[in-house]
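> Predicted coordinates and the sequence they were generated for:
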Amino acid sequence: MELIAVVIMIVGGIGIAVFVLAAFAIGRDDGDRAGGQERASRAELAASLLYQVLVAGGVAADDALRHVRREAGLAARITQRIDVPSWAGSFAQQSTLADRQRLLETAVQLAIAREGAIPLRQYCTLLDLSFSLGFQTDALARLRERYGFDYIDHAKDARPRDADRGGGATALFQREESVDVASLLGLLELAGEPSRQQIISAYRRLVAQHHPDRVSDKSVQAQDRAAARFIELTRAYERLLAVFRD
């Protein structure tokens, strides 16, 4: 009987140990999913960000994986559901300025590899990536000029901007001779003579409210409206920074 009792105690102890190890593994896995960008390598961060840019442009998941592997030359693990700002911020912390510039340019190259103008939602993702890597919006504007790519403006019935050039359409980041500063400040809910930091803070607060990712589970129309609002805010922000240089 004593031998049987000892065996039962040993088996029970093993069972408890297995249960504890399993619970620990599950908890660690949940933690990895919640804050994976903190533990991901720089290559994993870059690959996941590039994947997100492609998916935002309507590229199928399998095709996006293939493009990141073949065209970007990244064989690292890819996490498919990520928060672009936080992952880009983590990449920026681990990288040099040249690394960040290379990642943004690679993202642009992948986005424009598809034929035609890129979707507005994808352009928003590129803006988000650029801003979170620590660049001002003119970094992406310079890449637009270098590669000559355009975006589809869903606010204009999904027509590329060049369809309206005859009607006097204005390029997104084009510097204007006469800027209606009051209207631009109104878009950012500012007035008077704000400082550069106040403009940046107002922009960050508003785009956090109107970012397309906040309505990713809504209708396509709702996502398009959010994307258009995001671009409108970004246009005002970039032009105001050109005016207020304190």
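Looks like it came in fine. Residues are numbered from 1 along each chain as shown.

> does residue 152 count as helix, strand or coil?
strand (DSSP: H, G, I helix; E, B strand; the rest coil).

> Name the nearest residue to it, ignoring sequence neighbours.
residue 117 (4.8 Å; C-beta to C-beta, 6 or more residues apart in numbering). Quick note: C-beta positions are derived from backbone N, CA and C, even for glycine.

> Next up, phi/psi of that neighbour, please.
Residue 117 adopts backbone torsions of phi -70, psi 150, taken as degrees, to the nearest 10.

> burial of it, as a residue count?
20 (other C-beta atoms under 10 Å).

> How much space separates it from residue 199?
Computed as C-beta to C-beta, to the nearest Å, the residue 117 to residue 199 distance reads 29 Å.

> distance of the residue nearest to residue 152 from residue 88?
24 Å.

> Quick check: residue 134 touching residue 100?
Yes - look at residue 134 against residue 100 with C-beta atoms under 8 Å: they come within range, at 6.5 Å.

> which residues do those two both contact?
Shared contacts of residue 134 and residue 100 (C-beta atoms under 8 Å, 6 or more residues apart in numbering): residue 92.

> quick one: which of these two has more around it?
Higher neighbour count among residue 134 and residue 100: residue 100, with 22 against 14, using other C-beta under 10 Å.

> which residues does that one contact?
91-92, 133-135.

> what about residue 215, neighbour count?
With other C-beta under 10 Å as criterion, residue 215 counts 16.

> likewise residue 130?
23.

> start the count at 40, not 1, going forward
In the new count, where the first residue is 40, that last one comes out as residue 169.
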